[in-house]
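A.B. asks: what follows is a predicted structure for the sequence shown.
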Amino acid sequence: AGRRSRVRVLGVDPGLTRCGLGVVDGGGGGREVRYVAVDVVRTTADAPLATRLLAVGDEVERWITRHRPDVVAVERVFSQHNVRTVMGTAQASGVVALLAARAGLPVAFHTPSEVKAAVTGEGRAGKEQVTAMVTRLLGLTEAPRPADAADALALAICHCWRAPMLDRMAQARERSAELARRHRARLAAAAAAADRRGSAGDGGR
């Protein structure tokens, strides 16, 4: 089986001070995952916002070109107490989504609890737990540091495992909607036929 039987995911843990990037190959429909690359983009807090977003965007674009992922998985921005942090995260997330769309790649968003549950089995797992499981799952000799790097890899792993399930759910919803459409069409046809019979009966009196 070649590259096409696998899915390559670029996981992005968005942020302005530190933006985690991690690439993982997932086996065709199974739970096999293989490490490809990881890094963290850093920008300084005193740089202008536009400059920081540009630095993050340039690096994400380089990773898309270099690693040619099939999909980009981004952590869904969650409301936290620090509004300023959330704003920066949301802005970085928007840049990543824009660049993925420009490259013709689908973008999948996963919440922190979905990622933790997928990787550790516990939606409220701590950062150390996530890092330890990512290290074990990918067979790494050293734990990825800082936590943003591990989080990016965790996002990619989460998508590899959740995507087949989400696809199956979407297909099931489509089949259900199609059956409902056919059922409504049959009911409408039966009602129309009954009306016609009723009209013909009225005409015969």
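C.D. replies: Arrived safely.

A.B. asks: same question for stretch 100-115: list its buried residues.
C.D. replies: Within stretch 100-115, the residues that qualify as buried by neighbour count (16 or more other C-beta atoms under 10 Å) are Ala100, Leu105, Val107, Ala108, His110, Pro112, Glu114, Val115. All C-beta atoms are positioned from the backbone trio N, CA, C, and that covers glycine.

A.B. asks: where does this structure have low pLDDT?
C.D. replies: For the chain, applying pLDDT under 70 flags the ranges 1-5, 28-30, 79-82, 163-175, 177, 201-205.

A.B. asks: do a quick rundown of the strands in it.
C.D. replies: Assignment of strands within the chain using DSSP state E yields the ranges 7-13, 18-26, 33-42, 71-75, 107-110.

A.B. asks: sheet partners, orientation included, of the third one?
C.D. replies: When sheet partners are counted by DSSP bridges, strand 33-42 sits next to strand 18-26 (antiparallel).

A.B. asks: try the shortest one
C.D. replies: The strands beside strand 107-110 in its sheet (DSSP bridges) come out as strand 71-75 (parallel).

A.B. asks: the partner strand vs strand 7-13, what angle?
C.D. replies: Going by axes from the mean of the first three to the mean of the last three C-alpha atoms, to 10 degrees, strand 71-75 is angled at 30 degrees with respect to strand 7-13.

A.B. asks: quick one: contacts of strand 71-75?
C.D. replies: Identification of contacts with strand 71-75 by C-beta atoms under 8 Å, 6 or more residues apart in numbering yields 7-14, 64, 93, 96-97, 100, 105-112, 115, 151, 155-156, 158-159, 163.

A.B. asks: all helices for this protein, in order.
C.D. replies: 49-67, 83-102, 112-120, 127-137, 147-204 (DSSP state H).

A.B. asks: among the buried residues of stretch 100-115, which one sits closest to Ala192?
C.D. replies: Checking these against Ala192 by C-beta to C-beta gives Ala108 as the nearest, at 43.6 Å.

A.B. asks: ok, the residue nearest to the closest one when sequence neighbours are not counted - how many residues close by?
C.D. replies: Distances taken as C-beta to C-beta, 6 or more residues apart in numbering put Ala73 closest to Ala108, at 4.9 Å, once the chain neighbours are dropped. Counted with other C-beta atoms under 10 Å, residues neighbouring Ala73 total 29.

A.B. asks: returning to that earlier point: now the strands of the chain in JSON lines, with distance to Ala180?
C.D. replies: Formatted as JSON lines, the entries for the strands of the chain read as follows, by distance: least, C-beta to C-beta, whole Å:
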{"stretch": "strand 7-13", "distance to Ala180": "31"}
{"stretch": "strand 18-26", "distance to Ala180": "33"}
{"stretch": "strand 33-42", "distance to Ala180": "37"}
{"stretch": "strand 71-75", "distance to Ala180": "30"}
{"stretch": "strand 107-110", "distance to Ala180": "27"}
